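Build me a model from this:
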Amino acid sequence: MYAVKNILTQGKNRGFVTTDSVASKSTVPANVNAKADLREIIINPLTLSTNNGRVRIAAEIRIGGDIKTLWFEIEEIYKNYLAADTLDAFVAASLIPAILHGKNIRLKGPMSGKLFYNLSYSLIPILCEYLEKPRLTQIIPDTFTGNASGGTGVAAGFSGGIDSFCNYYDHARGRVPDEFILTHFIFNNVGAHGQKGLDADRALFFQRFAQLLECAKKMDKPAVAVDSNLDEFLGQGFELTHTLRNTAVALLMQKEFGKFMYSSGYPLSETKMGPDNNMSHLDPVILPLLSTERLECIASGGQHSRVEKTRRVTEIGESRLYLDVCVCPQNAPAGIANCGVCWKCIRTATTLKIFGKLERYGKAFDLNAFAVFENLYLIEVMGGKSSYSKEIRRLIAEKNFPVPFTVRFIGAVLPGAVAQQFSMRIIPALWRHKAIARFINGCLAW
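Next up, the predicted model:
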């Protein structure tokens, strides 16, 4: 039997002291004969520690000559959610570093046999192709967890964005069988809060969680905030790795959750294998491969277009106060989550306006700022080649939404690649020159 070591947490863990030891109650021997070498990532036994009402679960991870401590923290009231009898979450978190550096992953503790099989025979080859790296990584477990007990909860990450609100809508009572109804929201600090450093990201994380908690209470769902240093540990772009980051958190709590419904960022038609810079394109393929005997990981929402997701979100009353899609929240007025101008805001606000619902979101978006740039963005919609532009054009035609002639003309004559740059380059360049932008926007209204 393998036991998680109960050791005192060092000073680098910021005052947390170890209070618990956890043993794996059902383990079966794995292959322990493989020889360790220098080309390995070694995941050491887990530690549990508590401080000021929070619980930290951590593992010391050796990467070549470097030693890092990867940790996750949750409120102590959710302590029993933690699957401290397995290294599954830490294995998932180590996959990208292992593949990028061509290293094996050796475990000093148990992992799911199902997860080991899925990673070894399917997911690692897929990720090697995605990252354009040779297939050098193998997992060398110490033991397997066997038939460990799990929970029946259904968790979903919830950020307040279109994808997560739509996920909630799709898995509400009456729309799915009872065993698929969402029971919990998870809100993670794993790299989605700016990637500006541990302290800056954490401050924004807790600020956003306070807003989300209000929303979750109104929807009668418990919300679990999971803080971590995973972004610092990985040191990679969030979009490149986000599915693994967030699923690692779900694996961490598979003692409570039997299903993890992960909001897909792209429709199923855009699923693709091979090199890319956004892991969302792989979600429907790789999420099932991150499942264990206890936790089923499911890609959710890929059956909808972005426009259809937005339409569904408009049926959720809480979204009118708590919808949060902004990538530049520092530009939003106090008390409003969305600046109304960044590429995500202006795309969402335009879709809401075509549906005739934008005025209902006056407490979520800076509608005055949006009004200064809306015709500029419509040039991108009418002339751009992205799937988002095409979706919104179809909605404009379906709703017979009035688009100024000048906008239509410019969108028709501009090269698609140029039109596609309005939300990412031209509008941000005009952000500090609103008088000029207002003049141009007025001219485009002809």
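
which residues of the chain fall in strands?
Under the criterion DSSP state E, the chain contains strands at 17-20, 28-29, 40-51, 54-63, 66-75, 104-107, 110-111, 139-140, 143-144, 153-157, 184-188, 223-228, 257-263, 296-300.

give me the low-pLDDT residue ranges for the stretch 101-250 of the chain?
Within the stretch 101-250 of the chain, the ranges that satisfy pLDDT under 70 run 195.

Mean neighbour count and distance to residue 284 added to the strands of the chain, as a markdown table?
(Each C-beta comes from the backbone N, C-alpha and C, glycine too.) As requested, the strands of the chain are arranged in a markdown table below (neighbours: other CB atoms under 10 Å; distance: least, CB to CB, whole Å):
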| stretch | mean neighbour count | distance to residue 284 |
| --- | --- | --- |
| strand 17-20 | 14 | 38 |
| strand 28-29 | 10 | 31 |
| strand 40-51 | 21 | 28 |
| strand 54-63 | 20 | 29 |
| strand 66-75 | 18 | 26 |
| strand 104-107 | 22 | 25 |
| strand 110-111 | 27 | 24 |
| strand 139-140 | 20 | 23 |
| strand 143-144 | 23 | 27 |
| strand 153-157 | 23 | 16 |
| strand 184-188 | 23 | 20 |
| strand 223-228 | 23 | 24 |
| strand 257-263 | 25 | 10 |
| strand 296-300 | 22 | 4 |
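
In JSON lines: these, plus distance to residue 197.
JSON lines is the format used below for these (distance: least, CB to CB, whole Å):
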{"stretch": "strand 17-20", "distance to residue 197": "26"}
{"stretch": "strand 28-29", "distance to residue 197": "42"}
{"stretch": "strand 40-51", "distance to residue 197": "22"}
{"stretch": "strand 54-63", "distance to residue 197": "19"}
{"stretch": "strand 66-75", "distance to residue 197": "16"}
{"stretch": "strand 104-107", "distance to residue 197": "27"}
{"stretch": "strand 110-111", "distance to residue 197": "31"}
{"stretch": "strand 139-140", "distance to residue 197": "31"}
{"stretch": "strand 143-144", "distance to residue 197": "37"}
{"stretch": "strand 153-157", "distance to residue 197": "22"}
{"stretch": "strand 184-188", "distance to residue 197": "17"}
{"stretch": "strand 223-228", "distance to residue 197": "14"}
{"stretch": "strand 257-263", "distance to residue 197": "26"}
{"stretch": "strand 296-300", "distance to residue 197": "30"}
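
between the ones you listed, which one is nearest to residue 444?
Among those, strand 257-263 comes nearest to residue 444, with 34.3 Å by CB to CB.

Can you give the strand pairings for the closest one, parallel or anti for each?
When pairing is defined by DSSP bridges, strand 257-263 lines up against strand 153-157 (parallel), strand 296-300 (parallel).

Give me the contact list for stretch 212-223.
158-160, 168, 182-187, 209, 225, 318, 321-322, 324 (CB atoms under 8 Å, 6 or more residues apart in numbering).

buried residues in that stretch?
Using 16 or more other CB atoms under 10 Å as the test for burial, stretch 212-223 gives 212, 215-216, 219, 221, 223.

likewise stretch 424-440?
Under 16+ other CB under 10 Å, the buried positions of stretch 424-440 are 426-428, 430-431, 437, 440.

tell me how far the ends of it are from each other?
One end of stretch 424-440 sits 17 Å from the other (CA to CA, to the nearest Å).

Give me the contacts around that stretch.
Residues contacting stretch 424-440 (CB under 8 Å, 6+ apart): 331, 341-343, 346, 372-373, 376-377.

Counting residues, what is the longest helix that this structure contains?
helix 198-218 (DSSP state H).
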